[in-house]
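Novice: show me the folded form of this:
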Amino acid sequence: MLKLKVNDIDIEVEEGLTVLQACEKAGVEIPRFCYHEKLSIAGNCRMCLVEMEKSPKPVASCAMPAAEGMNIKTNTAFVEKARKGVMEFLLANHPLDCPVCDQGGECDLQDQSMFYGVDKSRFKENKRYVPEKNMGPLIKTHMTRCIHCTRCVRFATEIAGVSEIGAIGRGEDMQITTYLEQSVQSELSGNVIDLCPVGALTSKPYVFEARPWELKKTESIDVMDAVGSNIRIDTYGWEVKRVLPLINEDINEEWISDKTRYACDGLSNQRLDTPFIKYNRKFEKANWEEVFKIIKSKIKETPKDKIAGFVGDLTNMETSYIFKEFFDRTLDTRNYECRSSNYYVGINERENYLFNSSINGIEESDLIFLIGSNPRFESTIVNARIRKSFVNNSTKIISLNDIGDLTYPYQSLNGQTKTIVDIFEGNNQVSKKILDSKKPLIILGESFFKSQSSEFLFNLIKNFLKKNNKINDEWNSLNKLTSDASTVGSLDLKIINEGKNIFNELKSNNFEIIYLLGQDNLNFTKKDEFIIYQGSHGDKGADIADIILPGAAYTEQSGYFTNLEGKLQKAYKASYPPGKAKEDWQIINELAEIMNNRKLFNDKDELKSSMINFINLQKENKTPINVNQSTKEDFKNEELVVDYKDYYFSNVIARSSKTMLDCHNSKIKIKKTGTDG
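Specialist: Numbers count the residues shown, from 1 in each chain. A predicted model of the protein is given here:
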């Protein structure tokens with residue numbers, strides 16, 4: 001530990017910290033523009049100047065390492081004069097457009113100029129003008145405001161791994177720009193807006209929508225993927241205007257993906273706001289009493305084994321649980337399913353479908369092996385952690401398939417499932433690398449579980465890791481990379497049909513009634529089935545439905561989600577469902593009451609406590625997995641195709657978003673022409 005003084009207060013700090021970090025440990029706030037905890041040190045704004053004993057000039061505290069015996073002063077007249085001088089330089093070319101700047105109210109420059117600015121400038125020269133840049137459909141630029149802090153440049157290069165933003169020119173002619181005048185090719189690009197300390201980079205879809213003090217702020221959870229990023233939902237009235245990240249070092253740090261940030265405009269498009277009944281292939285508006293009566297009569301005259309239910313990818317756990325209870329207790333059938341296709345799930349042990357090493361654990365790993373996964377598009381935040389591990393620890397990364405640019409270098413194998421067998425039987429050079437590594441990460445994507453021999457391969461991998469002590473109390477190398485928000489929670493609730501192949505029955509048109517709870521990804525041809533669709537958007541499921549029950553989106557109801565590493569988190573209600581739409585659990589509860597004159601649960605608290613009790617009971621009743629269900633004789637060699645949803649159209653909200661459509665079209669234009677300028 002180093003001993004030093006800050007404003008005549010003795011403190012002790014760890015070695016390797018900067019003077020700025022030491023001052024913060026002492027509870028002293030240092031103004032800064034270029035410094036950021038997650039980025040490399042640039043030291044180019046000079047706002048963090050402090051006085052140091054025996055130094056004739058003020059020092060930049062962000063770039064000066066703390067040393068034994070230092071005597072730092074941060075509140076002297078000397079420091080104040082230095083900071084005011086720096087602020088005067090920064091404002092010399094800054095435009096006077098604060099009243100119309102979208103950063104107003106959240107601008108670091110605005111805040112700090114209140115303390116360190118002066119009421120007049122000594123500069124008489126004309127302010128410089130910098131032309132606006134094309135950074136795609138998400139980022140709006142006002143580069144005349146730019147103070148060259150280079151946060152955006154460092155983020156793109158270091159965190160996002162896409163070296164497309166940089167500085168050109170020198171001195172007064174220096175400009176921050178994309179090198180090729182095209183959209184930034186990163187799924188994390190929107191984070192530069194949060195990083196920009198002035199209004200040079202602002203949100204293009206949000207421009208002139210609202211002022212920060214007019215917005216109601218709700219802390220919640222993202223459902224665009226299975227990571228469960230912590231977010232803040234800002235609403236104006238009851239319309240969601242924007243989504244911003246919240247800091248959670250264990251999950252998303254302080255970043256969110258572009259889909260998380262910008263798909264929110266899909267919440268107000270293509271919404272279902274009233275019940276519908278299909279007559280003569282046309283939907284007609286109805287009321288709740290009418291649709292419930294029709295559903296009741298249909299169910300009463302249908303054998304229970306001819307009724308099936310499917311839970312979708314954005315459904316919260318309370319809704320999934322009451323849906324399961326409705327089938328178990330009201331309909332007396334277990335024909336329910338949370339998957340959209342018949343891929344393998346080892347449901348008997350929870351570790352079989354979790355990211356066991358945790359998102360934080362990625363940074364501890366010394367070898368990462370990707371099997372049937374493209375984390376860049378399936379789980380952008382996880383991919384950013386893998387890149388962080390590579391940059392900081394030079395982690396070796398291997399992928400079974402060549403899956404294109406992942407923003408970090410990796411060794412690709414031949415993509416054959418036979419290679420997996422060779423590796424985990426110890427007959428491949430990769431086997432030795434896994435054995436030699438202290439904390440290997442085996443990441444199995446959803447494409448792996450869709451392969452013909454996935455059950456045999458999964459058990460082979462798990463047994464190999466257990467046998468070689470790579471699964472123990474301190475570290476579990478086995479990881480499934482889930483892509484949908486509701487998957488892990490639904491599996492915890494055992495919403496899966498193990499008795500028969502429900503998907504074969506579905507494709508053979510053996511069901512008479514199909515209840516789709518936000519499920520829009522089923523691949524089957526409808527014949528005479530009576531389809532009930534409950535959801536928030538008019539998408540694929542609503543298109544084939546006979547009755548539509550309008551539900552609520554994730555911002556319009558509170559509900560629990562379990563992320564891919566098994567953490568239970570709550571998404572909070574930020575707005576209300578439109579029109580006659582209701583919260584999803586309430587619809588099912590009312591339908592149960594119509595069916596047998598009794599609600600399943602009296603209120604949501606009773607539903608929640610019942611659900612938590614069920615989950616805890618499942619955790620206590622641990623049944624060891626049967627590893628002998630599939631043998632090597634059943635193995636078939638095949639090429640493992642990494643198949644994943646289109647990143648910008650992965651769910652109903654994203655498919656309804658104009659911003660996501662613009663992003664999709666921008667990427668296509670770049671692929672075709674090499675530019676979108």
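Novice: output stretch 569-585 as PDB - backbone C-alpha positions only.
Specialist: The C-alpha trace of stretch 569-585 is given here as PDB (Å, rounded to 0.1, in the frame of the first residue of the first chain):
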ATOM      1  CA  GLN A 569     -34.100 -10.500 -11.800                       C
ATOM      2  CA  LYS A 570     -37.200  -8.400 -11.900                       C
ATOM      3  CA  ALA A 571     -38.400  -6.200 -14.700                       C
ATOM      4  CA  TYR A 572     -40.500  -3.300 -13.400                       C
ATOM      5  CA  LYS A 573     -43.600  -1.800 -15.000                       C
ATOM      6  CA  ALA A 574     -42.800   1.500 -16.700                       C
ATOM      7  CA  SER A 575     -46.000   2.100 -18.700                       C
ATOM      8  CA  TYR A 576     -49.500   0.700 -19.300                       C
ATOM      9  CA  PRO A 577     -50.800  -1.700 -22.000                       C
ATOM     10  CA  PRO A 578     -52.700   0.200 -24.800                       C
ATOM     11  CA  GLY A 579     -56.400   0.100 -25.300                       C
ATOM     12  CA  LYS A 580     -58.200  -2.900 -23.800                       C
ATOM     13  CA  ALA A 581     -55.000  -4.900 -23.500                       C
ATOM     14  CA  LYS A 582     -54.300  -6.500 -20.100                       C
ATOM     15  CA  GLU A 583     -51.300  -7.900 -18.300                       C
ATOM     16  CA  ASP A 584     -50.700 -11.500 -19.400                       C
ATOM     17  CA  TRP A 585     -51.100 -13.300 -16.100                       C
END
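Novice: what's the mean pLDDT across that stretch?
Specialist: Taken as a whole, stretch 569-585 has a mean pLDDT of 94.
Novice: not counting sequence-adjacent ones, nearest residue to Glu53?
Specialist: Asn71 (3.8 Å; CB to CB, 6 or more residues apart in numbering). Glycine gets a C-beta too; all of them are placed from N, C-alpha and C.
Novice: what sits against the one you found?
Specialist: Counting by CB atoms under 8 Å, 6 or more residues apart in numbering, Asn71 touches 4-5, 52-53.
Novice: can you check His142 too?
Specialist: So His142 contacts 95, 101, 132, 199-200, 202 (CB under 8 Å, 6+ apart).
Novice: if we go to 7 Å?
Specialist: The contact partners of His142, by CB atoms under 7 Å, 6 or more residues apart in numbering, come to 132, 199-200.
Novice: can you redo those as TSV with distance to Arg329?
Specialist: Below are those laid out as TSV (distance: CB to CB, whole Å):
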residue	distance to Arg329
Glu132	60
Gly199	56
Ala200	58
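Novice: among the residues you listed, which one sits closest to Leu607?
Specialist: Leu607 lies nearest to Gly199 out of these, by CB to CB, at 45.3 Å.
Novice: pretty sure the closest one is touching Asp102, no?
Specialist: Yes. Contact criterion CB atoms under 7 Å: Gly199 and Asp102 qualify, at 6.0 Å.
Novice: for the two, indicate the residue with more neighbours.
Specialist: Gly199 (26 against 21; other CB atoms under 10 Å).
Novice: leaving out sequence neighbours, find the closest residue to Ile256.
Specialist: Take Ile256 and drop its neighbours on the chain: the residue closest to it by CB to CB, 6+ apart is Pro245, 4.3 Å away.
Novice: give the contact list for the one you found.
Specialist: Contacts of Pro245 by CB under 7 Å, 6+ apart are 194, 229, 231, 252, 254-256.
Novice: would TSV of these with pLDDT be doable?
Specialist: Shown next, in TSV, are those (pLDDT from 0 to 100):
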residue	pLDDT
Asp194	93
Ser229	94
Ile231	95
Asn252	90
Glu254	92
Trp255	94
Ile256	94
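Novice: Asn509: which of the residues you listed is nearest?
Specialist: Nearest to Asn509 among these, with distances taken as CB to CB, is Ser229, at 39.6 Å.
Novice: tell me, how many residues neighbour the closest one?
Specialist: Applying other CB under 10 Å, we find 27 residues neighbouring Ser229.
Novice: where does this protein have low pLDDT?
Specialist: 499, 622-631, 671-677 (pLDDT under 70).
Novice: what about the nearest residue to Gly346 once chain neighbours are set aside, distance to Glu15?
Specialist: Spatial nearest neighbour of Gly346, chain neighbours left out: Asn352 (3.3 Å); criterion: CB to CB, 6+ apart. For Asn352, the distance to Glu15 (CB to CB, to the nearest Å) stands at 43 Å.
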